[in-house]
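Trainee: Quick one: sequence and predicted model below, then my questions.
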Amino acid sequence: MLFLVLGRGKTGSLVAEVAHEHGHGVRVVGEEENRNATALTAPFLAGFDAVIDFTTPEAAVSNLRACLANGARVVVGTTGWYQHLDDMRALAARKQAALLYGTNFSIGVQAMFRVARELALAVPHYKFSITETHHIDKKDAPSGTALSIKQVLESANPGVRVDIASKREGDASGIHVIEARSVNDCIELKHEAFSRRGFAEGAVRAAEWIVGKTGTWDFQEISSKLT
């Protein structure tokens, strides 16, 4: 397969490396070459089996519009743009394109979502909170992953408000801690990414999965099919 990776940052570069390891051809386009999605023309996109976006929230919106309007298959690991999700879903449907988005492409984090749901069901009267820590260059806060955990907990435990504390420190790849506390005890559930490789592996596997498909999916919906 031939993949187009949008973004020359640390994660985008690692996605390209992992895709090569999986035996795929890769073209990487940085934001400086693709301002306002000007590089994403129909003839250019037609040569790729899937597009993987790890850019910025602002760039991702322009990239998605261009890719989906031309019927491309897109995996987007960028977060912070979900206020436009309904528009992108509709565009993908109109153009017979494919969109696979996710707040976190780590298979370990997907497992954490499932365990968090079980924890919320097991101790519904506990007070839940989330602490997330990321590198100082991360644009959005709270992280998309923390917001997904909050949604999981609150969906399993209606009426409960889950607070999120965000920290931006050094080059942290991502630490998420769920705390469930009562007057008698405290339960903690933690996921720590040692590097960005887990995100890159998941994104490449998602791109392999989306080839030839049309529709829109959250990575949570299909991650179990990749394990």
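Mentor: Looks like it arrived, so ask away. Residues are numbered from 1 along each chain as shown.
Trainee: From the recorded domain assignment, give the ranges for this protein.
Mentor: According to automatic domain parsing, the chain comprises the domains 2-105+197-225, 107-192.
Trainee: Just put those domains in JSON lines and tack on mean pLDDT and mean neighbour count.
Mentor: The C-beta positions use only the backbone N, C-alpha and C, and glycine is treated the same way. Listed next are the domains of the chain as JSON lines, based on pLDDT from 0 to 100; neighbours: other C-beta atoms under 10 Å:
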{"stretch": "domain 2-105+197-225", "mean pLDDT": "95", "mean neighbour count": "19"}
{"stretch": "domain 107-192", "mean pLDDT": "93", "mean neighbour count": "16"}
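Trainee: Following the longest helix along the chain in sequence, what is the next regular element?
Mentor: Ranked by residue count under DSSP state H, the longest helix found in the chain is helix 107-122. The first helix or strand that comes after helix 107-122 along the chain, using DSSP states H and E, is strand 127-134.
Trainee: for the helix or strand following that next one, the distance to its chain's centre please.
Mentor: For strand 127-134, the following helix or strand on the C-terminal side (DSSP H and E) is helix 144-156. Computed by C-alpha atoms, centre = their mean, to the nearest Å, the chain-centroid distance of helix 144-156 equals 14 Å.
Trainee: Packing partners of helix 144-156?
Mentor: helix 107-122, strand 127-134, strand 163-168, strand 175-181 (3 or more C-beta pairs under 8 Å, 6 or more residues apart in numbering; DSSP states H and E).
Trainee: Can you check which of these gets nearest to Thr11?
Mentor: Of all the helices and strands packed on helix 144-156, strand 127-134 sits nearest to Thr11, with 11.8 Å by C-beta to C-beta.
Trainee: could you say what helices and strands the closest one packs with?
Mentor: In terms of contacts (3+ C-beta pairs under 8 Å, 6+ apart), strand 127-134 is packed against helix 144-156, strand 163-168, strand 175-181.
Trainee: elements contacting the shortest one?
Mentor: Counting contacts by 3+ C-beta pairs under 8 Å, 6+ apart, the secondary-structure elements packed against strand 163-168 are strand 127-134, helix 144-156.
Trainee: where does it sit relative to the chain's centre, distance-wise?
Mentor: Centre-to-centre, strand 163-168 and its host chain are 18 Å apart (C-alpha atoms, centre = their mean).
Trainee: Residues contacting it, please?
Mentor: Outside strand 163-168, the residues that touch it by C-beta atoms under 8 Å, 6 or more residues apart in numbering are 129-136, 138, 141-143, 146-147, 150.
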